[in-house]
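1. this one's sequence-less:
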């Protein structure tokens, strides 16, 4: 029996007293070999809890959502395995990620995959997309979530679970973006899926994907102002107004996250700082893979603020983020490696040693190229160029890094950034034609060698569902 308005404090007390110690004593084998639930009333209750947990989150009833997630696991460990055990493990994984238990979150994410395969519940597969948003990125390369999320979407459509199918494809596009794949194919694909979401009247995922589409359009040169999320796909002022009226703080945070990134990429770090302050009025990002990116952008902003104001509070905040990311990597967060080196290179740029600064930037550029993160390779080259242009006053190195940034942005399909670089730095103009003729060289093969089979499928539209909505 649930209270009418469960508080987060009561949920934490329930977890600490009823679940935590019991689960810690159980091995993975114990959890996998629990007996099957036979009682129909218990099965019905568990089914309803799993179905309502995500809905409660999206209406901003965090206490109820947390209560449902914890009780679904409590029923599972006390009564046994059911078709919904995979969902219960997945939701518990998100809770552990939110409280900072990375090891536990990954453990239950893996258990969710294993139990789904054991019980063969196709509806549960569609709903397990959350483990790729909250847990898997702490241990596995983010590229490995591409295919599972597409599978969640496909199975969701096949079993009629349209809501979770659309949430899955929304997460897929976010993962695709952070993998550093080319923006051109993403723009084409997201346009198709936005039509599908509109056809199925899935307003929630549609709002997120519209923001993502506009973000991509701003980079590909299809926006009048690349630092404003308004244009063909959405209007940031309108979407923030509607989110405020309908009590959707998570949507406002989502919009502000992508505005911060746009401001960093397009070199307006002062505006990025103002947006960052606004975003934290709505709370912090707990555990989603976007957390890595947010903290990376934060560190760049704080380093810029320290260089400009010389106030130690900004430098200390940047150091705190570096230590946090180092701790994540020690625990196995493979997707943070290039971001940590990027932040450390930026931090090193505060020193008076251009040689060590160059080594730092060269290291992160090489790492990003090897791992396939084109967006960070591009940004690292540009930031190195800015350092040598404005701080070290070395025009030769500045021109070299700007040329490499232009080349990398072009491979990423970010034509708006290429145009901005040429306009900001006249030294690039005479080299643009040469760069355009050579951009399909050896650097591209480094990306392709890392790519999975899924990457090649994004060169055409054959993997898209055949539907009248795509015409």
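-> Yes, it's here. Just so we're clear, the structure is a prediction, and the values are computed from it rather than from any experiment. Numbering: from 1, shown residues only.

2. quick one, helices of the stretch 201-350 of the chain?
-> 203-220, 236-245, 249-265, 269-279, 290-309, 312-330, 337-348 (DSSP state H, counting those that start in this stretch).

3. please apply the same query to the stretch 1-150 of the chain.
-> 8-14, 21-25, 28-32, 40-58, 62-79, 85-98, 102-119, 122-127, 130-134, 146-159.

4. please apply the same query to the stretch 351-471 of the chain.
-> With DSSP H, counting those that start in this stretch as the criterion, the stretch 351-471 of the chain has helices spanning 354-371, 374-386, 395-411, 415-424, 432-438, 442-450, 453-457.

5. any weak-confidence spans in the stretch 301-450 of the chain?
-> Low-confidence segments of the stretch 301-450 of the chain, defined by pLDDT under 70: 433-450.

6. the nearest residue to residue 137 once chain neighbours are set aside and residue 326: what is the separation?
-> Using CB to CB, 6 or more residues apart in numbering and skipping the chain neighbours, the partner closest in space to residue 137 is residue 289 (4.0 Å). Yep, even glycine has a C-beta here, placed from its N, CA and C like the rest. For residue 289, the distance to residue 326 equals 18 Å [CB to CB, to the nearest Å].

7. pick out whichever of those two has more residues nearby.
-> residue 289 (22 against 14; other CB atoms under 10 Å).

8. these two touch, right, that one and residue 135?
-> No - contact criterion CB atoms under 8 Å: residue 289 and residue 135 do not qualify, at 9.4 Å.

9. what's the closest of the helices of the stretch 1-150 of the chain to residue 343?
-> helix 102-119 (19.3 Å; CB to CB).

10. residues in contact with stretch 414-428?
-> The contact list for stretch 414-428 (CB atoms under 8 Å, 6 or more residues apart in numbering) reads 183, 218-221, 223, 226, 265-267, 375, 378, 382, 385, 389, 395, 398-399, 402-403, 405-406, 409-410, 429, 432.

11. which of those residues count as buried?
-> 183, 218-220, 223, 226, 265-267, 375, 378, 382, 385, 389, 398-399, 402-403, 405-406, 409-410, 432 (16 or more other CB atoms under 10 Å).

12. roughly how far is stretch 143-152 from the heart of the chain?
-> 14 Å (CA atoms, centre = their mean, to the nearest Å).

13. distance between stretch 295-311 and the chain's centre?
-> 22 Å.

14. actually, stretch 415-422.
-> Stretch 415-422 has its C-alpha centroid displaced from the chain centroid by 25 Å (CA atoms, centre = their mean).

15. buried ones in it, by neighbour count?
-> Within stretch 415-422, judged by 16+ other CB under 10 Å, the buried ones are 415-418, 420-422.

16. most tightly packed of the helices of the stretch 351-471 of the chain?
-> Greatest average neighbour count among those goes to helix 374-386 (a mean of 25), per mean count of other CB atoms under 10 Å.

17. elements contacting that helix?
-> In terms of contacts (3 or more CB pairs under 8 Å, 6 or more residues apart in numbering; DSSP states H and E), helix 374-386 is packed against helix 337-348, helix 354-371, helix 395-411.

18. residue closest to the middle of this structure?
-> Centroid-nearest residue in the chain, with CA atoms, centre = their mean: residue 290, separated by 3.4 Å.

19. got a list of what that one touches?
-> Residue 290 sits next to 174, 178, 257 when contact means CB under 8 Å, 6+ apart.

20. nearest spatial neighbour of residue 318, skipping sequence neighbours?
-> Leaving aside its chain neighbours, residue 318 sits nearest to residue 302 (4.2 Å; criterion: CB to CB, 6+ apart).

21. please report how far the one you found lies from residue 347.
-> In terms of CB to CB, residue 302 sits 9 Å off from residue 347.

22. quick one, which of these two is more surrounded?
-> For residue 302 and residue 347, the more surrounded residue by other CB under 10 Å is residue 302, and the numbers stand at 26 against 21.

23. from memory that one sits against residue 311, does it?
-> No - counting by CB under 8 Å, residue 302 sits too far from residue 311 to count as a contact (9.9 Å).

24. residues near the residue lying closest to residue 142 once chain neighbours are set aside, how many?
-> Leaving aside its chain neighbours, residue 142 sits nearest to residue 335 (4.9 Å; criterion: CB to CB, 6+ apart). Using other CB under 10 Å, residue 335 is surrounded by 23 other residues.

25. which residues does residue 335 contact?
-> Contacts of residue 335 by CB under 8 Å, 6+ apart are 137, 141-142, 289, 292.

26. thought residue 408 was touching residue 372?
-> No - the pair residue 408 / residue 372 is not scored as a contact, 11.8 Å apart, by CB under 8 Å.

27. tell me how far the residue nearest to residue 318 lies from residue 317.
-> The gap separating residue 302 from residue 317 is 5 Å, by CB to CB.

28. likewise residue 206?
-> Distance, residue 206 to residue 317, using CB to CB: 36 Å.

29. for these two, indicate the residue with more neighbours.
-> Neighbours per residue (other CB under 10 Å) separate residue 206 from residue 317, with residue 206 holding more: 20 against 17.

30. which non-adjacent residue is nearest the more buried one?
-> In this structure, residue 206 finds its nearest non-sequential neighbour in residue 197, 4.1 Å apart by CB to CB, 6+ apart.

31. and the strand or helix carrying the one you found, which residues are buried?
-> Here residue 197, judged by DSSP states H and E, is contained in helix 183-199. Using 16+ other CB under 10 Å as the test for burial, helix 183-199 gives 183-187, 189-191, 193-197.

32. switch the residues you listed over to CSV; also include pLDDT and distance to residue 156.
-> Shown next, in CSV, are the buried residues of helix 183-199 (pLDDT from 0 to 100; distance: CB to CB, whole Å):
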residue, pLDDT, distance to residue 156
183, 95, 26
184, 93, 27
185, 93, 22
186, 93, 20
187, 94, 23
189, 94, 17
190, 95, 17
191, 94, 20
193, 94, 13
194, 94, 17
195, 93, 17
196, 92, 12
197, 94, 12
